[in-house]
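1. Compute the structure for the input listed below.
(chains A and B)
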2 protein chains.
Amino acid sequence: MNSMQAVEGSAGDLGAIMNGLGHAAAASRAALAQSSGATRNAALLAAAQAIRANAATIIAANARDMEAARARGLSVAMLDRLQLNDKRVESMAAGIEQIAALDDPIGGVSAEWSRPNGLTIQRVRVPLGVIGIIYESRPNVTADAGALCLKSANPVILRGGSESRFSSAAIHDCLVAGLRAAGLPEAAIQLVPTTDRAAVGMMLAGLDQQINVIVPRGGRSLVERVQKEARVPVIGHLEGLCHVYVDRDADADMARSIVVNAKLRRTGICGSAETLLVDRACAPSMLPMLLNALADGGCELRGDAATQAVDKRVKAATEQDWRTEYLDAIISVRVVDGVDEAIRHIATYGSAHTDSIVTANAATAEKFLREVDSAIVLHNASTQFADGGEFGMGAEIGISTDRFHARGPVGVEQLTSYKYVVRGSGQVRPG
Amino acid sequence: MNSMQAVEGSAGDLGAIMNGLGHAAAASRAALAQSSGATRNAALLAAAQAIRANAATIIAANARDMEAARARGLSVAMLDRLQLNDKRVESMAAGIEQIAALDDPIGGVSAEWSRPNGLTIQRVRVPLGVIGIIYESRPNVTADAGALCLKSANPVILRGGSESRFSSAAIHDCLVAGLRAAGLPEAAIQLVPTTDRAAVGMMLAGLDQQINVIVPRGGRSLVERVQKEARVPVIGHLEGLCHVYVDRDADADMARSIVVNAKLRRTGICGSAETLLVDRACAPSMLPMLLNALADGGCELRGDAATQAVDKRVKAATEQDWRTEYLDAIISVRVVDGVDEAIRHIATYGSAHTDSIVTANAATAEKFLREVDSAIVLHNASTQFADGGEFGMGAEIGISTDRFHARGPVGVEQLTSYKYVVRGSGQVRPG
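-> Numbers count the residues shown, from 1 in each chain, chains lettered A, B, ... in the order given. Take a look at the predicted model:
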């Protein structure tokens, strides 16, 4: 935290600070790439221990952040995301230990073949390079993201939200203690020591020779800024405008439980459903029951005319509703003419994140799974399974809605690249 | 070709033209993604037939390009790259047939697992999306790139060099005939019908909602423009500054044949070696022999002081020589203190493309293969194997020096993304 305090208000030095971070990160790449998985795991376990041992310090730093945040009038929801307590600190430490327990994503052979001329070719996993992560004021992301990048042998430059600056710095100190304990370069995990927003601009464009990929984790304004300014490849996390389509051949009980879970289990995560599409063929029987279940769960209902006709509580949905990620207990509901119109609606309004069909008809399900062009498509399961942990991939850095490099949950394997290792016995290329 | 002639000189309409191409490509995405591999192969085979049937038309169009190119005083090497003849046209057709014969890269399951809650998860290959390819005046790239994108179900917007405009348009007509014969959307393969260089700018930035990835194929000035202007993900093809390191434990005959092949088999391809590094421990015995073999092959020699001391023909290499992709019969030679200094030299001056070690020492070889951070690292084999065909991947669109998405040879598999298909029986997420 001392380094952070030292640069408060010294925005004039920003270029020098950011260049220093970039060069230090790039300089640590080779050592990190050549380190063993055991060494990186030792650093992770030492970092988890340091977080436990320094829980009081972290919580005291967090109290400073909370005080400033209250003074600035942050919403209750944002204050809740920012707040740390003993349980949340322990959960961060345990999360790092879980990442340590994952298989080593580096050095493995993902494909291997030989050629008629006797050359053998292996495709070997290597780190992606220096990763820049720009995130909002969730202190736990400092621990998660730092640990995922270390596990995958990528140096990382973390740029957290200004509201969590003291919490993040205290957590970062523990990560660095872990690196030091394992003899790894401290520059493997760096935290931008200034809240100057121009630092984000430098990460997006000014350090394109040092930073290999940017991961933005935040709301629409951050994503739009990244899309506009980035000169560096981006693993993007757009909004999750997720749909559940209830088909004419759906089982009613299953439809109800999936719709309620997809919308209401947690409304603030990217895999929560925002729009319910109901097949016109089963709307008379299914729609009243689904609307009742949602309303009973405390959900506000907005819908098209056909939906409003069924239930007086349904407000009229506007064109904008179909495009809105509520992240709240609100759902938009539309009656569609079968799976084809459902697929068209999702293609028009969805964000290619996660979409689910409920049906007992295998052919209809396969059509939906094939034609809906989203990172995750589900049959007879809740959209809230859109999560690296639920996929069995361990922790994730987010859900990518890009098609390039990584799509869907971004875990440690998605933070790797590869190289081809070719072994011969003197082969030269003829002709 | 009529459409190209129609817009000559109508640069004012460029925005409308490019937007039209972008929207047509995007609109064809779903139909192409849902088409069967058999349908896409039928289109490829029909295109190959159309190229054969229209060989005279293509060669006549090429004669117009050649005439204009001679009038503009293009170099002999560039004229040779531009020129088509019966043999080269047949080779284009055969190349498309080879692409048709490759396995379908789309729809395959690249990973599959199930979860304790009974969900099954498949990772399924899907197209990448609309690809923009910007290339120089090699008419055959129109055929190759169009065919690779069609094979992988990606709509493509081709922007060839202005010198090959009539040749490319004639070849493009044949590709479209193939699409038409198979009932696929003609917008699946579009050729920018104007030589206005501002079209490239629109592909890099203005069509970012329609184009999913840009593949630049060209020299340094194109690559630099792309790096500066692109708002779309890029599969980059930087220069191939490839090295051969001859270690103290190398077999002399093998070293000679690999060095000569790596440098001189073809000097104009990206996998040709530009720099020879020789271990000081074997320089007295090995270096005179290697320099003789290169000089006998017509290669100009440039070297450090230690190399110059061995052979009077060696000119002094400047700092710039270590950074130069000659693409010509010129080599820079340096004596290094063993594998560690060789690795450091490659890290400092290389382009992370392709590098080879010649040694009979397995431990030294493994150190080199592990620590040299290039897309392709070879042991006892020529750098000229850096080629998708030589890797057994079939045709390629180039060699990527990026770490993101695709690295090394970019064949049809590297032009895909994936989606997760999750099948359940009513699972909802607890907690």
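2. Distance from stretch A:78-85 to the middle of the chain?
-> Taking CA atoms, centre = their mean, to the nearest Å, one finds the center of stretch A:78-85 at 19 Å from the center of the full chain.
3. model confidence over that stretch, on average?
-> The average of the pLDDT scores along stretch A:78-85 is 93.
4. what do you get for stretch A:235-249?
-> On average, stretch A:235-249 scores 92.
5. A:A61 and A:A170 touch, don't they?
-> Yes: judged on CB atoms under 8 Å, A:A61 makes contact with A:A170 at a distance of 3.9 Å. Every C-beta, even on glycine, is put in place using the N, C-alpha and C of the backbone.
6. Where does the stretch 201-350 of chain A get nearest to chain B, which residue?
-> Distance from chain B to each residue of the stretch 201-350 of chain A (CB to the nearest CB) is smallest for A:N261, at 3.6 Å.
7. Next up, identify which helix or strand that residue is on.
-> helix A:252-264 (DSSP states H and E).
8. and the spatially closest residue to A:I376 that is not a sequence neighbour, what does it touch?
-> Leaving aside its sequence neighbours, A:I376 sits nearest to A:T354 (CB to CB, 6 or more residues apart in numbering or on different chains; 4.2 Å). Neighbour list for A:T354: A:G240, A:C242, A:C270, A:G271, A:S374, A:A375, A:I376, A:V377, A:L378, A:T383, A:A386, A:I399 [criterion: CB atoms under 8 Å, 6 or more residues apart in numbering or on different chains].
9. hang on, isn't the last one packed against A:H237?
-> Which is A:I399. Yes: A:I399 lies in contact with A:H237 (CB under 8 Å); the separation is 6.3 Å.
10. what is in contact with these two at once?
-> Here A:I399 and A:H237 have A:C270 as joint contacts, going by CB under 8 Å, 6+ apart.
11. show me where the stretch 101-250 of chain A has strands.
-> Using DSSP state E, counting those that start in this stretch, the strands of the stretch 101-250 of chain A run over A:109-114, A:120-127, A:131-135, A:156-159, A:189-191, A:213-217, A:242-246.
12. residue ranges with poor pLDDT in the stretch 251-400 of chain A?
-> Within the stretch 251-400 of chain A, not a single segment meets pLDDT under 70.
13. the strands in it, which residues?
-> Using DSSP E, counting those that start in this stretch, strands in the stretch 251-400 of chain A cover A:273-279, A:300-303, A:315-316, A:330-336, A:354-358, A:376-381, A:399-400.
14. can you list those strands in JSON lines and add distance to B:A50?
-> Shown next, in JSON lines, are the strands of the stretch 251-400 of chain A (distance: least, CB to CB, whole Å):
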{"stretch": "strand A:273-279", "distance to B:A50": "43"}
{"stretch": "strand A:300-303", "distance to B:A50": "52"}
{"stretch": "strand A:315-316", "distance to B:A50": "54"}
{"stretch": "strand A:330-336", "distance to B:A50": "42"}
{"stretch": "strand A:354-358", "distance to B:A50": "40"}
{"stretch": "strand A:376-381", "distance to B:A50": "37"}
{"stretch": "strand A:399-400", "distance to B:A50": "39"}
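15. out of those, deepest packed?
-> When the strands of the stretch 251-400 of chain A are scored by mean count of other CB atoms under 10 Å in any protein chain shown, the highest mean neighbour count falls to strand A:354-358 (a mean of 31).
16. so who does A:A283 touch?
-> Here A:A283 is in contact with A:A306, A:V310, A:V335 (criterion: CB under 8 Å, 6+ apart).
17. Distance check, it against A:T318.
-> Between A:A283 and A:T318 the computed distance is 21 Å (CB to CB, to the nearest Å).
18. Quick one: list the elements packing against the longest strand along chain A.
-> Ranked by residue count, the top strand of chain A under DSSP state E comes out as strand A:416-427. When contacts are defined as 3 or more CB pairs under 8 Å, 6 or more residues apart in numbering or on different chains; DSSP states H and E, strand A:416-427 sits against strand A:120-127, helix B:252-264, helix B:362-371, strand B:376-381, strand B:408-409.
19. And the second one, how far out from the chain middle?
-> When you say that, I think you mean helix B:252-264. Distance, centroid of helix B:252-264 to centroid of chain: 24 Å (CA atoms, centre = their mean).
20. could you give the angle of it to strand B:376-381?
-> Comparing the axes of helix B:252-264 and strand B:376-381 via axes from the mean of the first three to the mean of the last three CA atoms, to 10 degrees yields an angle of 140 degrees.
21. For helix B:252-264, report the contacting residues that lie outside it.
-> Residues from elsewhere that reach helix B:252-264 (CB under 8 Å, 6+ apart): A:426, A:428-429, B:242, B:244, B:246, B:272-274, B:276, B:285-286, B:289-290, B:293-294, B:297-299, B:329, B:331, B:356, B:358, B:380-384.
22. buried stuff in it?
-> By neighbour count on 16 or more other CB atoms under 10 Å in any protein chain shown, the buried set for helix B:252-264 is B:M254, B:A255, B:R256, B:S257, B:I258, B:V259, B:V260, B:N261, B:A262, B:K263, B:L264.
23. now swap in the first one and tell me
-> By neighbour count on 16+ other CB under 10 Å, the buried set for strand A:120-127 is A:I121, A:Q122, A:R123, A:V124, A:R125, A:V126, A:P127.
24. do the same with the third one
-> Residues of helix B:362-371 classed as buried by neighbour count (16+ other CB under 10 Å): B:T364, B:A365, B:K367, B:F368, B:L369, B:R370, B:E371.
25. Which residues of the stretch 151-300 of chain A lie near chain B?
-> The stretch 151-300 of chain A comes close to chain B at residues A:208, A:212-213, A:227, A:231, A:233, A:251, A:254, A:257-258, A:260-262, A:265, as judged by CB under 8 Å from any CB of the partner chain.
26. hmm, try it at 6 Å
-> A:N212, A:P233, A:M254, A:S257, A:I258, A:N261, A:R265 (CB under 6 Å from any CB of the partner chain).
27. what do you get for the stretch 1-150 of chain A?
-> Residues of the stretch 1-150 of chain A lying near chain B (CB under 6 Å from any CB): A:R115, A:L119, A:L128, A:G129.
28. The last one: neighbour count?
-> What that stands for is A:G129. For A:G129, the count of nearby residues is 23 (other CB atoms under 10 Å in any protein chain shown).
29. Contact partners for it?
-> Listed by CB atoms under 6 Å, 6 or more residues apart in numbering or on different chains, the contact partners of A:G129 are A:N212, B:R403.
30. rerun at 8 Å
-> Contacts of A:G129 (CB under 8 Å, 6+ apart): A:R29, A:N154, A:P155, A:I211, A:N212, A:V213, A:S417, B:R403.
31. what's the answer for the third one, then?
-> Residues in contact with A:L128, defined by CB under 8 Å, 6+ apart, are A:S152, A:N154, A:N212, A:V213, A:L415, A:T416, A:S417, B:R403, B:F404.
32. Apply 10 Å and report the result again.
-> The neighbourhood of A:L128, defined by CB atoms under 10 Å, 6 or more residues apart in numbering or on different chains, consists of A:149, A:152-154, A:212-213, A:233, A:235, A:405-406, A:414-418, B:403-404.
33. doesn't A:C282 make contact with A:V246?
-> Yes: counting by CB atoms under 10 Å, A:C282 is a contact partner of A:V246 at 7.0 Å.
34. the more surrounded of these two?
-> A:V246 (28 against 18).
35. residue contacts, that one?
-> By CB under 10 Å, 6+ apart, the residues touching A:V246 are A:252, A:254-256, A:258-259, A:276-279, A:282-283, A:286-287, A:290, A:336, A:342, A:356-359.
36. The longest strand of chain A to strand A:109-114, inter-axis angle?
-> Going by the same axes, to 10 degrees, strand A:416-427 makes 20 degrees with strand A:109-114.
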